[in-house]
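*Asks:* this is a predicted model, with the sequence first.
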Amino acid sequence: MRHRLLASLGMGLLLASPSIAMAASHHAHHAAHNTMGRKGHPADPDVAALLAEWSGPYGGKVPFDKVKVSALKPALEAAMRRNQGEIDAIALDRSSPTFANTIVPLERSGRALDRVQTIYSVWKSNLKTPDVQAVETEMEPVLAAFNDRIYQNARLFARIDAVYQSRERSGLTPEQQRVVWKHWNDFVKQGAQLPPAAKARVTAINQQLAGLYAKFMQNLLADEAGSVLYLKEGDLAGLPQSQRDAFAETAKDKGHPGEWAVANTRSAMEPFLTYSDRRDLREKVWRTYYSRGDNKDAHDNTVSIIPQILKLRYEKARLMGFPSYAAWKMQDTMAKTPDAAMAQMMQVWPSAIARVRQDVADMQAVADQEAKKTGEAGGKAPAIAPWDYRYYAEKVRKAKYDLDMQEVSRYLQLDKMREAIFWEAGQLYGFTFTKVTAPVFSPDMSVYEVKDRAGKHVALWYLDPYARPIKASGAWMDQYRGQQKLDPTSAIASNNTNFVKPAPGKPVLISWDDAVTLFHEFGHALHAMNSNVTYPSVSGTNVARDFVEFPSQLNENWLPTKEVLSRFAVDEQGHAIPQALVDKLLNAQTFDSGFAVTEYLSAAIVDMKLHTTPQGPGDPPIDPDRFEKTTLDALGMPPELVMRHRTSQFFHVFQSDEYAAGYYSYLWAEVLDHDAFEAFTETGDPWDPATAKRLHDDIMSVGDTVDPAVAFRQFRGRDPQVGAYLRAKGFPVK
């Protein structure tokens, strides 16, 4: 089962890009019956190639070299029919329901559809050409309807319910009991116990939502691909040479040789706002980026798409018997309720905005000093605006800590950071990585075989590093195939990023935040690779949304260690980063934490409030822009920055159901991650082998075979505490 996991917070955009994460239950998130013409018959070689079991070494490789977009729709239709036959066989079985004759075949069902949807989802995220968008527009509602047909199959649910009711007295193992609960809970959550009329309405809502999600992401991608700022040489003041080279390469790729191009993506926007001396151009880049999906044009998401989504989600939640969409969505998370998530967020919010106010005062002082030196504006600088924040934060960093992040970036080569994550995985989990040949969907991709300490094959790992106009922005992990021992398969995972491709022969120099993102996304991949379970539905990253980010965020903690930096932070000549520079970097670790936490947390709070606000028939549709402003004003949001993802471009929340009412999960998981890393530091060794073994045994290998709260308690010896998070951010600990 493929999962798309997104990055966030201070990362390169882990939370950026359409999430393709299909749900927790292995079989059930698939869809529709339909008729096909001759071209769509499974005998068609292009269709058959997508339906076929993956063959070759490593337990089978993903056949990216055999994909034809024209085959996607008929392959999905054929796979859905095959899956429907599997479901019917289970539902119509006349023998008494047991784990063996109901749950096991359910775990095995839908595998052809999994394979096709993996390919389809990869194309939606990475190669979203107009013909792919056309397939998406047509098939998303069909897939949603098929998904509902499975969940609303009364005979199937009756069998699952019978196994569930007897689970504790039928000799099942703890993992089997967890699998039964998971299937039963998924069906109940999706409406299996509703009366027929309500089931029909939920199906209609889900189909409408599927179409709206597709349109939301198409609009966002159009705004990203359709806006480019071309620069002349006189516009480059302040930009480091590595960034100039990257912008020149982008311009060349876009048919503008001799110019420099700033694409409308986070990976281009952030360095430009950090280093450009041109305030007018910073404002232009900022406004273009943060107005994506909100230009009141053909690609606008605010006028109808978002309001419709919110109305439909609220109606669905009410049909399910919940007071809000957030309450329905969160019932099986660690937080359990919107109130619990809000309480944690509001525990952190005052410290975050207080730090921002302190930092802004420091920035304004630097800006005023510069204005006095130049005599501009009567020696008084304009108030810090959102497009100034990163620029003056960098100046304050230099002044306070004598730290130049451009200097740090000289030692952060993408290839070396890739070697760093491999070494880290070897130290903690005994993994080795060897480059191999396998089909890819882009010539820039590379593929590695992963082996354990005994030399046994564990997984394949794909890296797709560079931005493309038809690729979603941000960074994410994809699980193409999960580990499981029912019919043994090994994991196949990918990490996808959007670094600007360098000129030939030049290394990719990345920012510190980009390096953190790389470690974060690789943490998701490690979660998939370490999985050691029997049943597909509880494999790897098939865990609660507010727990799934825990292993990835935990993995970030090993980047700043001296063992990693001394080995892998090297410049183009092979010189290691000076210890004095490392000391400055570590000394400034909490600098700008107010910005990172506030821009994230504001988005998470708005997400939760959007999904706890009544949207019944008598309630006016939510105006996203007005709602965002009113909510942030009430929170006391500092005017010098904005939400990390403005509502109009909040793909985590509006590209699918995956992160909706769930953006809080990054904070929830970060509390877990800092507390867990202190288990290492308390030993005096961030690589302590005994603690690493406990991490593997209690967290990384168990998937969802154990309740996440219990798993954490087994690892840490107690429930999580917020103190470690506050210490890591430099916030006061009460």
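*Replies:* Yep, it's here.
*Asks:* where along the stretch 451-600 of the chain do the helices fall?
*Replies:* Here the stretch 451-600 of the chain has its helices, by DSSP state H, counting those that start in this stretch, at 512-530, 545-555, 562-568, 579-587, 593-610.
*Asks:* out of the ones you listed, which gets nearest to Lys395?
*Replies:* helix 593-610 (13.9 Å; CB to CB). Where C-beta positions appear, they are placed from N, C-alpha and C, glycine not excepted.
*Asks:* and the angle for that closest one with helix 512-530?
*Replies:* 60 degrees (axes from the mean of the first three to the mean of the last three CA atoms, to 10 degrees).
*Asks:* by contact count, what packs against helix 593-610?
*Replies:* In terms of contacts (3 or more CB pairs under 8 Å, 6 or more residues apart in numbering; DSSP states H and E), helix 593-610 is packed against helix 338-374, helix 624-635, helix 651-654, helix 665-681.
*Asks:* give me the contacts around whichever helix or strand comes after the last one.
*Replies:* In the C-terminal direction, the helix or strand that comes right after helix 665-681 (DSSP states H and E) is helix 689-695. Outside of helix 689-695, the residues within contact range by CB atoms under 8 Å, 6 or more residues apart in numbering are Gln427, Leu428, Tyr429, Ala676, Ala679, Phe680, Thr683, Phe715.
*Asks:* are any of the residues you listed buried, and if so which?
*Replies:* For those, burial is judged from neighbour counts taken by 16 or more other CB atoms under 10 Å, and it is met by Gln427, Leu428, Tyr429, Ala676, Ala679, Phe680, Phe715.
*Asks:* so Pro439: helix, strand or coil?
*Replies:* Applying DSSP: H, G, I helix; E, B strand; the rest coil to Pro439 yields a three-state assignment of coil.
*Asks:* distance of the residue nearest to it when sequence neighbours are not counted relative to Ser55?
*Replies:* Nearest in space to Pro439, with sequence neighbours left out and distances taken as CB to CB, 6 or more residues apart in numbering, is Asp65 at 3.8 Å. With distances taken as CB to CB, to the nearest Å, Asp65 is found 12 Å from Ser55.
*Asks:* cool, Ala43 as well?
*Replies:* Taking CB to CB, one finds Ala43 at 18 Å from Ser55.
*Asks:* for Ala298, same thing?
*Replies:* From Ala298 to Ser55 the distance is 44 Å (CB to CB).
*Asks:* tally of neighbours for Gly616?
*Replies:* 9 (other CB atoms under 10 Å).
*Asks:* likewise the one 3 residues further on?
*Replies:* Number of residues near Asp619 (other CB under 10 Å) recorded here: 12.
*Asks:* residues in contact with it?
*Replies:* Asp619 neighbours (CB under 8 Å, 6+ apart): none.
*Asks:* start at 656, not 1
*Replies:* Okay, using 656 as the starting number, the last item reads as Asp1274.
*Asks:* averaged pLDDT, whichever strand or helix holds Asp786. What do you get?
*Replies:* Using DSSP H and E, Asp786 sits within helix 785-806. The average pLDDT within helix 785-806 is 96.
*Asks:* and for the closest residue to Asn1151 other than its chain neighbours, the neighbour number?
*Replies:* Setting aside the residues directly before and after it, Asn1151 is nearest to Asp1119 in space (CB to CB, 6+ apart), at 4.6 Å. Asp1119: 22 surrounding residues under other CB under 10 Å.
*Asks:* what distance do you get for Asp1119 to Ile1232?
*Replies:* Asp1119 is 27 Å from Ile1232, by CB to CB.
*Asks:* same check, this time on Gln1024
*Replies:* Taken as CB to CB, the span from Gln1024 to Ile1232 is 30 Å.
*Asks:* which of these two has more residues huddled nearby?
*Replies:* Ile1232 (19 against 14).
*Asks:* for that one, give its distance to Gln1061.
*Replies:* For Ile1232 relative to Gln1061 (CB to CB), the value is 13 Å.
*Asks:* and if you look at Lys1090?
*Replies:* In terms of CB to CB, Lys1090 sits 31 Å off from Gln1061.
*Asks:* of those two, who's got more company?
*Replies:* Gln1061 (18 against 9).
*Asks:* using the three-state scheme, assign the more buried one.
*Replies:* Strictly by three-state DSSP, Gln1061 counts as helix.
*Asks:* so how many other residues sit close to the residue nearest to it when sequence neighbours are not counted?
*Replies:* Using CB to CB, 6+ apart and skipping the chain neighbours, the partner closest in space to Gln1061 is Pro895 (4.7 Å). For Pro895, the count of nearby residues is 19 (other CB under 10 Å).
*Asks:* and what of His911?
*Replies:* A total of 15 residues lie near His911 under the criterion other CB under 10 Å.
*Asks:* please apply the same query to Gly1110.
*Replies:* With other CB under 10 Å as criterion, Gly1110 counts 7.
*Asks:* dihedrals phi and psi, it?
*Replies:* Dihedral pair for Gly1110: phi 80, psi 10, per degrees, to the nearest 10.
*Asks:* what's the pLDDT at it?
*Replies:* 98.
*Asks:* hmm, the residue nearest to Asn1151 is touching Pro1098, no?
*Replies:* No - if you go by CB atoms under 8 Å, Asp1119 and Pro1098 don't touch, sitting 10.5 Å apart.
*Asks:* report the distance from the helix or strand containing Trp836 to the chain centre.
*Replies:* Using DSSP H and E, Trp836 maps to helix 829-844. Helix 829-844 sits 25 Å away from the centroid of its parent chain (CA atoms, centre = their mean, to the nearest Å).
*Asks:* and the helix or strand just after that helix, what other elements does it pack with?
*Replies:* Sequence order places helix 851-881 as the next helix or strand after helix 829-844, per DSSP H and E. Counting by 3+ CB pairs under 8 Å, 6+ apart, the packing neighbours recorded for helix 851-881 are helix 785-806, helix 960-974, helix 1306-1309.
*Asks:* helix 851-881 to helix 960-974, inter-axis angle?
*Replies:* Using the same axes, to 10 degrees, helix 851-881 lies at 160 degrees relative to helix 960-974.
*Asks:* same list, the contacts of helix 1344-1350, but as a markdown table with distance to Thr1189 and pLDDT please.
*Replies:* Shown next, in a markdown table, are those (distance: CB to CB, whole Å; pLDDT from 0 to 100):
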| residue | distance to Thr1189 | pLDDT |
| --- | --- | --- |
| Gln1082 | 28 | 98 |
| Leu1083 | 24 | 98 |
| Tyr1084 | 20 | 98 |
| Ala1331 | 26 | 98 |
| Ala1334 | 28 | 98 |
| Phe1335 | 29 | 98 |
| Thr1338 | 32 | 98 |
| Phe1370 | 21 | 98 |
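*Asks:* turn those into CSV, including distance to Val1188.
*Replies:* Output for the contacts of helix 1344-1350, formatted as CSV (distance: CB to CB, whole Å):
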residue, distance to Val1188
Gln1082, 24
Leu1083, 19
Tyr1084, 16
Ala1331, 21
Ala1334, 23
Phe1335, 25
Thr1338, 28
Phe1370, 17
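*Asks:* what residues are up against the closest residue to Val1011 other than its chain neighbours?
*Replies:* Of all residues not flanking Val1011 in the chain, Gly1249 sits nearest, at 4.0 Å (CB to CB, 6+ apart). Each residue near Gly1249 by CB under 8 Å, 6+ apart is listed here: Ala1007, Ile1008, Ala1009, Arg1010, Val1011, Arg1012, Gln1013, Asp1014.
*Asks:* count the neighbours of Gln1310 for me.
*Replies:* 24.
*Asks:* doesn't Gln873 make contact with it?
*Replies:* No - with contact defined as CB under 8 Å, Gln1310 does not count as touching Gln873 (10.0 Å).
*Asks:* how far is stretch 1282-1291 from where the chain is centred?
*Replies:* On CA atoms, centre = their mean, the centre of stretch 1282-1291 falls 25 Å from the chain's centre.
*Asks:* now that stretch: buried residues?
*Replies:* Result for stretch 1282-1291 [16+ other CB under 10 Å]: buried residues Phe1282, Glu1283, Thr1286, Leu1287, Leu1290.
*Asks:* poorly predicted segments of the stretch 1156-1305 of the chain, please.
*Replies:* Confidence mapping of the stretch 1156-1305 of the chain against pLDDT under 70 gives zero matching residues.
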